[in-house]
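Enquirer: give me a model of this one.
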Amino acid sequence: MRIVVAGASRGIGAAVAGHYAGRGEEVIALSRGAVPYGRWMSIDLADAVQIAALPERIGGPVDALLYTGGIWEDGAFTKAYRFAASPPEEAQRVIAVNTVAPILLTQALLPLMPSGARVVFVGSLTAMDNTASPEVANSASKYGLRGAAQALAKTLHPMGIGVGVINPGNVATDEVLSDISEGRFPDQEAIPLADLLAAFDFALALSPASVATEINLAQIRV
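Expert: Reported below is the predicted structural model:
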């Protein structure tokens, strides 16, 4: 299987790229920073021109697009976040990377996708109804991503291409574990990376007939 992993330089994206490269799949890793797994292609996912040039760079079929990229406002998820102090450019870039880029990337790679290909986005549990976090641009971008996945699922269904979105709570990446241990996040038990990777495996194993499959991974707090 030839898998494109977008946002693969760290966190969830790096774990996903390593997971499938370790299984012997052909991984194409997209990010600004270098990736030690598969074939790395440097790209700024906020740049529509760079996205449009990807099909020629990739040059062959794509069996799965896994969009794991995600950014947020300065001070997000901590007491330091201030909506009133967030510059317009920050909101524009967050939405460009988190919502616009996955749409444009899917569109750009569509000519390379055979029937049976799958597209999986990583959203957020905060994009469920009435669960938005205070971070305005990030929350808006994740709500938009769910809508994009649902629309793309219907649009691409006649081509035999399945589309889904995984909405996790806090996942136990190195960054999240550091935020918890250093007090930037409340004390909590993060979702194991293995659980998220299992959700990806499940999403890729489904028939393309499945429409807008959503997998929600919630933390149980007692």
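Enquirer: make it CA atoms for all contacts and neighbour counts henceforth
Expert: Fine.
Enquirer: and whichever helix in the chain runs longest, which residues are buried?
Expert: The longest helix of the chain (DSSP state H) is helix 136-156. Across helix 136-156, burial judged by 16 or more other CA atoms under 10 Å covers 136-146, 148-150, 152-154, 156.
Enquirer: please apply the same query to stretch 29-39.
Expert: Applying 16+ other CA under 10 Å to stretch 29-39 flags 29, 30, 31, 32, 35, 37, 38, 39 as buried.
Enquirer: quick test: name the residue nearest the centre of this protein.
Expert: The C-alpha lying nearest the average C-alpha coordinate of the chain belongs to residue 68 (CA atoms, centre = their mean; 2.3 Å).
Enquirer: if I look at that residue, how far off is residue 93?
Expert: According to CA to CA, to the nearest Å, residue 68 and residue 93 sit 16 Å apart.
Enquirer: contacts for the longest helix of the chain?
Expert: Applying CA atoms under 8 Å, 6 or more residues apart in numbering, the external contacts of helix 136-156 come out as 71-73, 83, 91-92, 94-95, 98-99, 103, 121, 123-124, 126-128, 132-133, 161-165, 211-212.
Enquirer: same thing but 7 Å
Expert: Helix 136-156 is contacted from outside by 72, 91, 94-95, 98-99, 123-124, 126-127, 132-133, 162-165, 211-212, using CA atoms under 7 Å, 6 or more residues apart in numbering.
Enquirer: run the chain-centre distance for stretch 128-142.
Expert: Chain-centre distance of stretch 128-142: 15 Å, with CA atoms, centre = their mean, to the nearest Å.
Enquirer: can you give me the helices in this protein?
Expert: Using DSSP H, helices in the chain cover 11-22, 48-52, 54-58, 88-95, 101-109, 136-156, 174-181, 193-205.
Enquirer: okay, now the residue lying closest to residue 2 once chain neighbours are set aside: neighbour count?
Expert: Distances taken as CA to CA, 6 or more residues apart in numbering put residue 26 closest to residue 2, at 4.7 Å, once the chain neighbours are dropped. Applying other CA atoms under 10 Å, we find 19 residues neighbouring residue 26.
Enquirer: many thanks, we can stop here.
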